[in-house]
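*Asks:* Generate coordinates for the sequence data below:
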Amino acid sequence: MTDHFADQILARAKATSPLVVGIDPDFDQMPTFLRPTDSDPVTIRSALTTFCRLVLEASGEMVCGVKFQSAFFEQFGTVGLLALADVMALARTMQLPLILDVKRGDIGSTSLAYARGYLAGGGSLGGGRMGSSDLGADCITVNPFMGEDAIEPFLRLAIDHGKGVFFLVKTSNPGSGLFMGAKTGRSETVADRIARLVNDWAKKTMGKSGYGLAGGVVGATFPEEAERLRKLMPRAIILAPGVGFQGGGIETMRAFFDNDKSGALVPMSRTLTYPEHSGNTHDTFQKAVQEATQRYVTLFRERFRALPPGAVSGHSPGQ
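*Replies:* Numbering: from 1, shown residues only. This is a model prediction of the structure:
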């Protein structure tokens, strides 16, 4: 087994910040000088990797991890996947905990194939032989709505390899209430039901940090629900997207953390990676990303006085 994901990323969060830099390369939002100059696949791959490298170099020392959204690479087909592999390799070189946002979930055999490629580091060649994958991450996001047989391969391989799995519980988008907010026969919401299950899986996979390999995605745009969901899954790390561009605010983030102001990760993408006044050179762009990241690190430290450097101790998220 490799290092326990929850222990690894929470230790880094204590030393840096709970921020995860989210990288969603969108050429429509990038400064003009970072966009491809033509549609040649080599040019597109280079533009994708350059953008990601600049962001990682500018923010990597201040964040606890990086989250790549695979869709922004997949839209370019093979060349996009090659670029994704490039930048994932860079993140590993920088020793940044790596979350791959793929939101997979399918029938058991298909989930197993996804889990092998993203968590186990390779697929089966038959006869007990394995082929390697260059898309292996420390943690992935999973859609749990197809049920236990779809979830089981992800959990099993996560345990085998010390990797993390964040299950969608209550996502940050406005329409998430259609299903996640629906009431079940037990007078609880679908999100509540998923949170209870995630906590059960987390308790079975706990590391020294007191947190398990199973975690839950809870949007920062729903702080009132986060307070309830935090209580339902005290042993699960919460991944809380939505601060910044989507409208979530740091002032309402307290509910996502445990009593020691730990146990939550805050991915931010557009607010950090497409800052205002980014200039027209690589250097000015990196400076703008660095300043945006530092601004939010400082805001978190001011809001949560016990946050890093080195001030978080113990673990008391409840039972």
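*Asks:* low-confidence ranges in the chain?
*Replies:* Residues of the chain meeting the criterion pLDDT under 70: 1-2, 178, 244-248, 305-319.
*Asks:* and the lengthiest helix in it, which residues are buried?
*Replies:* Longest helix in the chain by number of residues (criterion: DSSP state H): helix 282-303. For helix 282-303, a neighbour-count test (16 or more other Cβ atoms under 10 Å) marks 282, 285-290, 292-293, 296-297, 299-300 as buried. Yep, even glycine has a C-beta here, placed from its N, CA and C like the rest.
*Asks:* cool, stretch 270-279 as well?
*Replies:* Buried residues in stretch 270-279, counted by 16+ other Cβ under 10 Å: 271-275, 278.
*Asks:* what's the answer for stretch 194-207, then?
*Replies:* By 16+ other Cβ under 10 Å, the buried positions in stretch 194-207 come out as 194-195, 197-199, 201-203, 205-207.
*Asks:* quick one, phi/psi of the residue of the chain most remote from its centre?
*Replies:* If you look at how far each residue of the chain sits from its centre, by Cα atoms, centre = their mean, the farthest one is G127, at 34.1 Å. In terms of degrees, to the nearest 10, the main-chain angles of G127 are phi 60, psi 30.
*Asks:* repeat for M233
*Replies:* Taking degrees, to the nearest 10 as the convention, M233 sits at phi -130, psi 70.
*Asks:* Also L213?
*Replies:* phi -80, psi -20.
*Asks:* mind checking how far it is from K14?
*Replies:* Going from L213 to K14 by Cβ to Cβ, to the nearest Å gives 19 Å.
*Asks:* Compare those two (neighbour count), which wins?
*Replies:* More neighbours surround L213 than the other of L213 and K14, with 27 against 21 (other Cβ atoms under 10 Å).
*Asks:* who's in contact with the closest residue in space to that one that isn't next to it in sequence?
*Replies:* Residue nearest to L213 in three dimensions, not counting chain neighbours: T205, with 4.0 Å by Cβ to Cβ, 6 or more residues apart in numbering. Counting by Cβ atoms under 8 Å, 6 or more residues apart in numbering, T205 touches 155, 158-159, 212-214.
*Asks:* does T205 sit in a helix or strand, and which one?
*Replies:* Assigned by DSSP states H and E, T205 belongs to no helix or strand.
*Asks:* the helices in the stretch 101-250 of the chain, which residues?
*Replies:* Ranges of helices within the stretch 101-250 of the chain are 108-115, 148-161, 177-180, 190-203, 223-232, based on DSSP state H, counting those that start in this stretch.
*Asks:* Check which residues of the last one are buried.
*Replies:* Right, the one you point to is helix 223-232. 223, 225-226, 228-230, 232.
*Asks:* what do you get for the shortest one?
*Replies:* If you call a residue buried by 16+ other Cβ under 10 Å, then helix 177-180 has these buried ones: 177, 180.
*Asks:* what's in contact with that helix?
*Replies:* For helix 177-180, using Cβ under 8 Å, 6+ apart, the contacting residues are 145, 168-171, 189-191, 194.
*Asks:* What of the fourth one?
*Replies:* Applying Cβ under 8 Å, 6+ apart, the set of residues contacting helix 190-203 from outside is 144, 155, 167-170, 179-182, 184, 186, 211-216, 225, 228-229, 232-237.
*Asks:* If any of the residues you listed are buried, put those into a ChimeraX selection.
*Replies:* Command for ChimeraX, covering only those of these found buried under the criterion 16+ other Cβ under 10 Å:
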select :144,155,167,168,169,170,180,211,212,213,214,215,216,225,228,229,232,233,234,235,236,237
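*Asks:* for L84, helix, strand, or coil?
*Replies:* Assigned with DSSP: H, G, I helix; E, B strand; the rest coil, L84 falls in the helix class.
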